[in-house]
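Chemist: predicted model, plus sequence, below.
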Amino acid sequence: MTDSKYFTTTKKGEIFELKAELNSDKKEKKKEAVKKVIASMTVGKDVSALFPDVVNCMQTDNLELKKLVYLYLMNYAKSQPDMAIMAVNTFVKDCEDPNPLIRALAVRTMGCIRVDKITEYLCEPLRKCLKDEDPYVRKTAAVCVAKLHDINAQLVEDQGFLDTLKDLISDSNPMVVANAVAALSEIAESHPSSNLLDLNPQSINKLLTALNECTEWGQIFILDCLANYTPKDDREAQSICERVTPRLSHANSAVVLSAVKVLMKFMEMLSKDLDYYGTLLKKLAPPLVTLLSAEPELQYVALRNINLIVQKRPEILKHEMKVFFVKYNDPIYVKLEKLDIMIRLASQANIAQVLAELKEYATEVDVDFVRKAVRAIGRCAIKVEQSAERCVSTLLDLIQTKVNYVVQEAIVVIKDIFRKYPNKYESVIATLCENLDSLDEPEARAAMIWIVGEYAERIDNADELLESFLEGFHDESTQVQLQLLTAIVKLFLKKPTETQELVQQVLSLATQDSDNPDLRDRGYIYWRLLSTDPVAAKEVVLAEKPLISEETDLIEPTLLDELICYIGTLASVYHKPPSAFVEGGRGVVHKSLPPRTASSESTESPETAPAGAPPGEQLDVIPTQGDLLGDLLNLDLGPPVSGPPLATSSVQMGAVDLLGGGLDSLMGDEPEGIGAPNFVAPPAATVPANLGAPMGSGLSDLFDLTSGVGTLSGSYVAPKAVWLPAMKAKGLEISGTFTRQVGSISMDLQLTNKALQVMTDFAIQFNRNSFGLAPAAPLQVHAPLSPNQTVEISLPLNTVGSVMKMEPLNNLQVAVKNNIDVFYFSTLYPLHILFVEDGKMDRQMFLATWKDIPNENEAQFQIRDCPLNAEAVSSRLQSSNIFTVAKRNVEGQDMLYQSLKLTNGIWVLAELRVQPGNPSFTLSLKCRAPEVSQHVYQAYETILKN
């Protein structure tokens with residue numbers, strides 16, 4: 001008979017009867033009663049009144065009955081904490097039971113009873129089970145530690161359970177190892193600062209050994225743990241990859257994706273010249289292809305992950321185009337994802353195949369899919385130049401089908417093809433104009449209007465076409481209205497005599513009859529341009545447009561690197577970092593790929609410097625690093641501040657909206673007489689460039705530090721380098737350098753506008769960094785930055801910002817905002833700008849400190865090709881706040897003993913050996929924070945060689 005009978009009873013006084021049965025002497029009756037209690041509990045009845053009676057049944061040898069009682073206990077312990085203490089004694093006894101199943105059951109239930117009062121009673125039984133002779137009990141106890149840590153973290157740490165867990169990583173049983181890793185990973189996620197999983201080559205070796213023998217979920221835990229490890233060099237990375245590769249042939253797709261994640265991460269450290277690198281690329285393709293033969297939901301997850309992999313390393317799947325061809329019975333979400341990957345893999349070699357396939361898709365019945373297929377044909381044309389002609393003729397064939405949504409999508413992509421290949425395919429414009437009446441979607445109408453305006457001189461009746469759109473101007477969407485305004489102004493500049501009325505009509509519609517601020521502003525700009533300087537208007541409106549890039553939808557590189565570290569998790573399906581969808585900070589750790597090894601890519605420019613590898617040993621003054629985009633986007637960018645300069649020390653970036661302007665825009669910014677277009681802007685050239693930096697109070701006001709007149713001879717200043725190229729910032733180019741003079745740190749910036757529009761509303765913000773560098777005042781650009789204009793600004797900095805350890809230590813991530821967008825870049829600042837003026841130690845103190853700092857903190861470096869004598873070296877270093885404390889001559893060598901102090905109070909002591917006539921010096925550095933030494937040595941080199 002089945003257990004359904006327990007759910008059917010409806011007697012009155014049921015609780016009373018159950019109580020009597022639970023206290024019966026007969027074992028069978030007792031078991032039946034507990035089953036009835038569990039059944040009532042399952043259907044939602046409150047049977048908590050029976051708590052003491054059920055707990056009494058725990059004293060039994062019957063495993064089935066014990067399991068049922070424990071089930072009841074887990075459910076009601078939270079609501080009856082005082083009663084739950086009664087069960088503690090039984091737990092303690094059960095943890096010493098000769099049967100390992102009962103010991104494990106007791107420990108499992110202990111972890112599930114989330115009652116603070118009884119956790120301390122469970123420590124002793126748990127300690128015994130963690131050292132139990134049976135691996136089944138040990139593996140259960142390992143997970144129990146993680147559960148207990150969630151209830152009372154302090155207790156777990158005080159009782160030393162974390163150390164016991166770490167010891168279990170060396171256990172002889174692979175399942176115990178896997179569970180210990182899972183528990184430690186879980187605890188480490190909720191406490192990112194604790195260095196629990198202190199992985200080293202020895203422990204990694206043990207994990208890899210266990211990997212071959214544990215269950216599939218155990219393998220996933222171990223692989224995820226391996227992915228958080230950073231090998232010390234490319235040889236270790238290769239050895240780990242070789243041992244992880246067999247997991248790629250596992251039947252469980254989660255194991256495969258976890259293995260792919262580890263390999264993708266460690267490949268970053270392998271030189272591309274290695275034979276093994278090529279072998280690994282070949283091995284990665286088949287498992288990814290196999291994932292696509294699973295059911296649709298799994299296929300979708302695999303495709304989302306493949307999308308990331310293809311963006312990072314397209315060479316892995318470049319020969320596997322056919323598996324991404326759409327099947328007739330694929331669900332729409334799989335079809336769209338496959339289409340996306342097809343375009344990413346499209347190349348000259350396979351374009352014919354891809355185009356034939358896409359043309360086929362464009363005749364399907366699913367509207368969304370057809371639209372995406374038509375758009376894909378356009379993207380192929382832009383990506384593979386050799387195929388452009390074939391793509392355009394395919395699009396024309398599709399336009400001939402006269403299917404409304406196909407025609408509209410085709411026109412949108414043809415507009416992009418014109419932008420990519422000017423003066424090549426304009427012969428098709430006539431065909432496009434024939435379909436004007438059928439366009440009803442804003443994007444297609446806007447694209448068509450752009451084409452008519454851009455090529456007005458080739459279209460005889462361009463004015464009539466645009467006039468037909470103008471009739472329902474106020475019913476159009478903003479996108480169409482803006483495009484129409486620009487197109488008619490272009491037409492007027494090309495054919496002024498015939499279209500004067502038309503341009504006046506559109507300008508009055510856009511300015512006087514519209515309440516859309518974007519449209520009104522653009523209308524006034526055109527009106528004033530045309531009325532004050534038609535030649536300038538022609539240069540602005542008909543300027544040559546930059547070519548569009550081929551891949552417009554690629555994920556931003558820093559974010560892509562982070563997402564690669566999350567392959568096989570939700571983040572890789574959403575294509576968002578966990579911080580974007582996990583509520584609260586708990587459990588969200590920012591990850592990034594390890595830096596390239598010195599052999600493969602040693603010279604990295606500041607822009608391409610990795611956004612941060614997992615931090616090594618940490619100073620207590622330098623917390624760990626966050627993520628470029630995540631942190632910068634959380635910061636408020638203050639608007640440009642007009643008015644008196646602010647004192648450098650007290651300024652904080654205001655929490656003002658990103659659009660800038662703040663209250664200023666309410667204070668009479670509007671030109672007088674709204675309808676009057678004869679507004680003349682003040683010429684940009686009248687503002688002196690060196691007003692850019694408000695200098696603080698004190699000494700620095702006496703010296704005009706920006707103009708170079710009366711400047712004190714400060715520390716060495718590197719020449720300006722390009723930090724943000726115009727290509728990456730919609731026309732804004734930023735060059736800069738860092739200076740330190742009279743105790744003040746500045747960032748000297750040069751902003752150049754290489755775009756076609758004026759730039760205003762500049763603001764700047766820094767991400768948290770190792771030394772708390774932050775702007776001490778807003779970024780002030782006093783006049784709009786016109787096209788091709790350059791302005792130089794000195795931005796004062798202080799070191800009172802938020803601190804977080806970066807990798808490398810001197811990495812600075814910056815966000816600059818203007819009226820166009822917010823742009824991000826990272827640069828490396830020279831450490832000598834942080835050397836303070838009171839960095840000279842007295843001799844006794846120097847001697848005592850040198851002895852006090854342990855010898856393992858000493859680092860030695862060679863400075864070559866520096867033909868200076870000891871005097872010149874000493875005076876040159878002193879100008880950059882590296883002070884000579886004492887000087888000795890030993891066996892013909894000059895020994896300089898020097899000290900310097902960083903802005904955060906860290907002292908660095910140095911011994912510099914200078915041999916007359918020998919251009920190579922030996923530098924020994926001692927510091928309590930040894931990670932600083934490498935950067936101090938670089939500062940020495942920079943100062944002495946320039």
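Modeler: Good, I have the coordinates. Residues are numbered from 1 along each chain as shown.
Chemist: low-confidence ranges, the stretch 1-150 of the chain, go.
Modeler: 1-2, 4-13 (pLDDT under 70).
Chemist: so where do the helices sit in it?
Modeler: Ranges of helices within the stretch 1-150 of the chain are 14-22, 27-42, 51-56, 63-76, 81-84, 88-94, 100-112, 116-119, 123-130, 135-151, based on DSSP state H, counting those that start in this stretch.
Chemist: just the CA trace of the helix or strand hosting Arg520, in CSV.
Modeler: Here Arg520, judged by DSSP states H and E, is contained in helix 517-532. Presented in CSV, the C-alpha positions along helix 517-532 are these (Å, rounded to 0.1, in the frame of the first residue of the first chain):
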residue,chain,number,x,y,z
PRO,A,517,13.8,70.7,-26.2
ASP,A,518,16.2,68.6,-28.4
LEU,A,519,14.3,69.6,-31.5
ARG,A,520,14.1,73.2,-30.5
ASP,A,521,17.8,73.5,-29.6
ARG,A,522,18.8,71.9,-32.9
GLY,A,523,16.4,74.3,-34.8
TYR,A,524,17.9,77.3,-33.1
ILE,A,525,21.5,76.2,-33.8
TYR,A,526,20.7,75.8,-37.5
TRP,A,527,18.8,79.0,-37.6
ARG,A,528,21.6,81.0,-36.1
LEU,A,529,24.2,79.3,-38.2
LEU,A,530,22.3,80.0,-41.4
SER,A,531,21.6,83.6,-40.4
THR,A,532,25.1,84.6,-39.1
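Chemist: can you pull the buried residues of that helix?
Modeler: By neighbour count with 16 or more other Cβ atoms under 10 Å, helix 517-532 contains the buried residues 519-520, 522-530. No exception for glycine: its C-beta is placed from N, CA and C like everyone else's.
Chemist: what's the answer for stretch 56-67, then?
Modeler: Neighbour counts using 16+ other Cβ under 10 Å place 57-58, 60, 65-67 of stretch 56-67 among the buried residues.
Chemist: with stretch 290-309 instead?
Modeler: Burial within stretch 290-309, assessed by neighbour count using 16+ other Cβ under 10 Å, is assigned to 290-292, 299-309.
Chemist: how about stretch 531-540?
Modeler: Quick answer for stretch 531-540 (16+ other Cβ under 10 Å): 537-538, 540.
Chemist: still on that earlier bit, same list, the buried residues of stretch 56-67, but as CSV with distance to Asn329 please.
Modeler: Output for those, formatted as CSV (distance: Cβ to Cβ, whole Å):
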residue, distance to Asn329
Cys57, 55
Met58, 55
Thr60, 55
Leu65, 51
Lys66, 50
Lys67, 45
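Chemist: read off the pLDDT value for the residue most central in space within the chain.
Modeler: Central residue of the chain (Cα atoms, centre = their mean): Leu559, 3.6 Å from the mean position. Looking at Leu559, its pLDDT is 88.
Chemist: ok, now Asp631?
Modeler: pLDDT, Asp631: 43.
Chemist: what's the end-to-end length of stretch 280-299?
Modeler: Terminal residues of stretch 280-299 lie 23 Å apart, using Cα to Cα, to the nearest Å.
Chemist: what comes into contact with it?
Modeler: Outside stretch 280-299, the residues within contact range by Cβ atoms under 8 Å, 6 or more residues apart in numbering are 241, 245, 248-249, 253, 256-257, 259-260, 263-264, 267, 270, 302-303, 306, 309, 313, 315-317, 319-320, 323-324, 330-331, 333-334.
Chemist: ok, now stretch 319-338?
Modeler: Under the contact criterion Cβ under 8 Å, 6+ apart, stretch 319-338 has outside partners 285, 288-289, 292, 296, 299-300, 303-304, 307, 339, 341-342, 345-346, 350, 353-354, 357, 361, 366, 368-369, 372.
Chemist: only the buried residues of that stretch, if you could.
Modeler: Within stretch 319-338, the residues that qualify as buried are 320-321, 323-324, 326, 330, 334-338, counting by 16+ other Cβ under 10 Å.
Chemist: same check on stretch 455-466?
Modeler: Across stretch 455-466, burial judged by 16+ other Cβ under 10 Å covers 455-456, 459, 462-463, 465-466.
Chemist: closest to Lys926 among the buried residues of stretch 319-338?
Modeler: Lys926 lies nearest to Glu320 out of these, by Cβ to Cβ, at 55.3 Å.
Chemist: could you pull up phi and psi at the closest one?
Modeler: With angles defined as degrees, to the nearest 10, Glu320 sits at phi -110, psi 30.
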